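Colleague: Fold the following for me, if possible:
(one chain, ligands or ions: 1)
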Amino acid sequence: LVIEAAYRERTPGSAKLAAEAVRLLPSGIAHDARWLRPYGIYAARAAGCRKWDVDGNVYVDFFGGHGALLLGHNRPEVLKACQEALLEGTHYGSSHAREVRWAQLVQQIVPSAEQVRFTSSGTEATLLALRLARAFTGRRKVLRFRSQFHGWHDHMTSGYANHFDGTATRGVLPAIAESVILCDPGDGEAVRAALESDKDIAAVFVEPTGGSFGMVPIEPSFLALLRELTAKHGVPLVFDEVITGFRVAPGGAQEAYGITPDITTLAKIVAGGMPGGAVAGRADILESLDFAAMAAKGEEKVQHPGTFNANPVSAAAGIAALKIIASGEPNRRANALARDLRDRLNAILAEQQVPWAVYGTFSGFHIFTNPDGRTIDPERFDPMALSWQEMKKRDGALSHRLRLALLVNGVDISGWPGGMTSAAHDEESLSHTCEAFREALRLLRR
Ligand code: PLP
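Modeller: Below is the predicted model:
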């Protein structure tokens, strides 16, 4: 109550907008992950690693445009490229030079990208990747892992937040849910058994650092096993690199781990903070999108329209961002900052004797609030020692209070709870975050 009162006191402008929003938008929002009680902040502007709300409060931002902003907000080169593109038109309804340059960069940077097809979002990318895999194999089912997120289309909803038994989530046809095989992350034997017994599996999808950017981590050796098993059974392996792509390394997790999938789904960073996504992968798999090749083979082409595919402003932002990211410097910086932040937050937990832990890999951090009350040494916590169910379990009320307490102290994290660093974070923002974390822990004890 103390925390919520402090939050309400600081955010009257957001409260007013939220009151109007709930009459117009279900829950007052546009993305499920933006739902926050009593209401979320309404942003007015953003720059670098910070954003400001309509009440003039400033926040160190670890939500980072849902992960799209490895370079931070409004990186000058990206902004300039968007401005130039805007003046030349926002939509041509025809092909343009920028999409060719954009595809070249994706191809140069992402190891698996022999060819590229742009989409407007990550959800569209995973939808298209699945369709392409089905067309390629002539099979119907998809194998996925519990706790992993691949967007919100009908084949991707079970087994992420709920419906771990694979039943259809509300509004999804049971027949679609039945075509999804869910395995536990890390359970190679289950994957082996499924691929051996079921010859109707068209694709294996995996978030290569584990569900929700490593909130439920997996070992790289598991990816190697998936590569081996899918190759053996002729099933396309799809790395969903919507979050990890261009973030963990320029070429994504496939570069960081040296394991090349057949298909890669991309979004977020690929479009430099603008809407956009892509499917990249083996030319013989993307070939089924090709009019001439399919006509020559006498086969039906896979359909893929999309009004905003390869939008020129998104292409401009993507090109500018990828050119900067290609050097590897932004990744190294964001990764080092996150490591430093995780260590410092764990030191605070140890010093205050709070039995939580902050963990993560690359530029991510996750706050494990220890709902089962384990004995934990924050500085030696090993998330791989726990099951995916234990890692996914959250004390919702506590996570919520923590998030509000951090907002009150000028830090915006995601609801995991956790977040991502960008190359625009710096020592000042990290030390502010550590102070805010200390203060939030104090507020939570009251
Ligand atoms: N796949 C992963 C791994 C994601 O993290 C997300 C979004 O967070 C998606 C797919 C869906 O992308 P979008 O929100 O652009 O539809």
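
Colleague: Which residue, neighbours along the chain excluded, lies closest to the closest residue to the ligand within the stretch 101-250 of the chain?
Modeller: Distance from the ligand to each residue of the stretch 101-250 of the chain (CB to the nearest ligand atom) is smallest for G122, at 2.2 Å. In this view, the C-beta of every residue, glycine as well, is placed from N, C-alpha and C. Once flanking residues are discounted, G122 sits nearest to A267: 3.2 Å by CB to CB, 6 or more residues apart in numbering.

Colleague: before we move on, what about R140?
Modeller: Leaving aside its sequence neighbours, R140 sits nearest to D200 (CB to CB, 6+ apart; 5.2 Å).

Colleague: if I look at the one you found, how far off is L70?
Modeller: Shown here: D200 relative to L70, a distance of 38 Å by CB to CB, to the nearest Å.

Colleague: what do you get for A397?
Modeller: For A397, the distance to L70 - CB to CB - is 32 Å.

Colleague: One more: A177?
Modeller: 34 Å.

Colleague: and the residue of the stretch 101-250 of the chain closest to the ligand, how many neighbours?
Modeller: As a burial measure, G122 scores 28 neighbours (other CB atoms under 10 Å).

Colleague: wait, it sits on G151?
Modeller: Yes - using CB atoms under 8 Å, G122 is in contact with G151, at 5.2 Å.

Colleague: Would you tell me which residues of the protein are close to the ligand?
Modeller: 66, 121-123, 126, 149-151, 207, 240, 242-243, 267, 277 (CB under 6 Å from any ligand atom).

Colleague: Between A177 and L70, point out the one with more neighbours.
Modeller: L70 (29 against 20).

Colleague: Please settle this for me: is the more buried one part of a helix?
Modeller: No - under DSSP: H, G, I helix; E, B strand; the rest coil, L70 falls outside any helix and is assigned coil.

Colleague: Phi first, then psi, for it.
Modeller: Dihedral pair for L70: phi -60, psi -30, per degrees, to the nearest 10.

Colleague: Which parts of the stretch 251-400 of the chain are strands?
Modeller: Secondary structure of the stretch 251-400 of the chain, counting by DSSP state E, counting those that start in this stretch: strands at 263-267, 277-281, 357-359, 364-368.

Colleague: So what touches the last one?
Modeller: If I follow you right, that is strand 364-368. 62, 209, 212-215, 338, 341-342, 345, 356-360, 376, 381, 383, 391, 399, 402, 413, 416-421 (CB atoms under 8 Å, 6 or more residues apart in numbering).

Colleague: The first one now?
Modeller: Contact with strand 263-267 is made by 68, 106, 110, 112-113, 119, 121-122, 125-126, 129, 132-133, 150, 203, 236-242, 245-246, 252, 254, 276-282, 285, as judged by CB under 8 Å, 6+ apart.

Colleague: hang on, the earlier thing: now do the shared contacts for G122 and G151.
Modeller: In contact with both G122 and G151: V242, using CB under 8 Å, 6+ apart.

Colleague: Can you tell me the closest non-neighbouring residue to M384?
Modeller: Using CB to CB, 6+ apart, the nearest residue to M384 is P217, at 6.1 Å.

Colleague: separation between that neighbour and G396?
Modeller: 21 Å.

Colleague: cool, A310 as well?
Modeller: Distance from A310 to G396, counting by CB to CB: 39 Å.

Colleague: So these two - more neighbours on which side?
Modeller: More neighbours surround A310 than the other of A310 and G396, with 24 against 11 (other CB under 10 Å).

Colleague: Look up how far W102 lies from the more buried one.
Modeller: For A310, the distance to W102 - CB to CB - is 7 Å.

Colleague: intersection of neighbour lists for the two?
Modeller: With CB under 8 Å, 6+ apart, A310 and W102 have common neighbours F118.

Colleague: now for stretch 349-360, what's the gap between its first and last residues?
Modeller: Using CA to CA, to the nearest Å, one end of stretch 349-360 lies 16 Å from the other.

Colleague: Quick check: the residue of the stretch 301-446 of the chain nearest the ligand.
Modeller: For the stretch 301-446 of the chain, CB to the nearest ligand atom, closest residue to the ligand: S414, 10.1 Å.

Colleague: Skip the chain neighbours and tell me the closest residue to that residue.
Modeller: In space, and not counting its chain neighbours, S414 is closest to F63: 5.2 Å by CB to CB, 6+ apart.

Colleague: Give me the neighbour count for that neighbour.
Modeller: 20.

Colleague: can I assume it is in contact with P417?
Modeller: No - F63 is beyond contact range of P417, at 10.8 Å (criterion: CB under 8 Å).

Colleague: hmm, back to that, quick check: bridge partners of the residue nearest to G122?
Modeller: Going by DSSP bridges, A267 is paired in beta bridges with G277.

Colleague: That one: neighbour count?
Modeller: Count around A267 with other CB under 10 Å applied: 28.

Colleague: can you list the weak-confidence ranges in the stretch 251-400 of the chain?
Modeller: The model of the stretch 251-400 of the chain has no residue with pLDDT under 70.

Colleague: so which pair among the residues of the chain next to the ligand is furthest apart in space?
Modeller: S121 and E207 (16.2 Å; CB to CB).

Colleague: The two: which has the busier surroundings?
Modeller: The residue with more neighbours, out of S121 and E207, is E207; 26 against 20, by other CB under 10 Å.

Colleague: still on that earlier bit, from the contacts of strand 263-267, which ones fall inside helices?
Modeller: Among the contacts of strand 263-267, the ones falling in helices (DSSP state H) are V106, G122, A125, T126, A129, L132, A133, G252, Q254, I285.

Colleague: Using CSV, lay out the residues you listed together with distance to G48.
Modeller: CSV is the format used below for the ones in helices among the contacts of strand 263-267 (distance: CB to CB, whole Å):
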residue, distance to G48
V106, 26
G122, 24
A125, 28
T126, 31
A129, 33
L132, 38
A133, 39
G252, 24
Q254, 29
I285, 39
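
Colleague: Tell me the one of those nearest R442?
Modeller: For these, the nearest to R442 is G122 (37.8 Å; CB to CB).

Colleague: And the residue nearest the centre of the chain?
Modeller: Centroid-nearest residue in the chain, with CA atoms, centre = their mean: I243, separated by 3.4 Å.

Colleague: Local confidence estimate at that residue?
Modeller: Looking at I243, its pLDDT is 98.

Colleague: ok, now which ones touch it?
Modeller: With CB under 8 Å, 6+ apart, I243 has these contacts: G67, E207, T209, F213, K268.

Colleague: Got phi/psi on it?
Modeller: Phi and psi for I243, reported as degrees, to the nearest 10, are phi -90, psi -40.

Colleague: Next, the angle strand 364-368 makes with the longest helix seen in the chain.
Modeller: Assignment by DSSP H gives helix 329-351 as the longest helix of the chain. Going by axes from the mean of the first three to the mean of the last three CA atoms, to 10 degrees, helix 329-351 is angled at 20 degrees with respect to strand 364-368.
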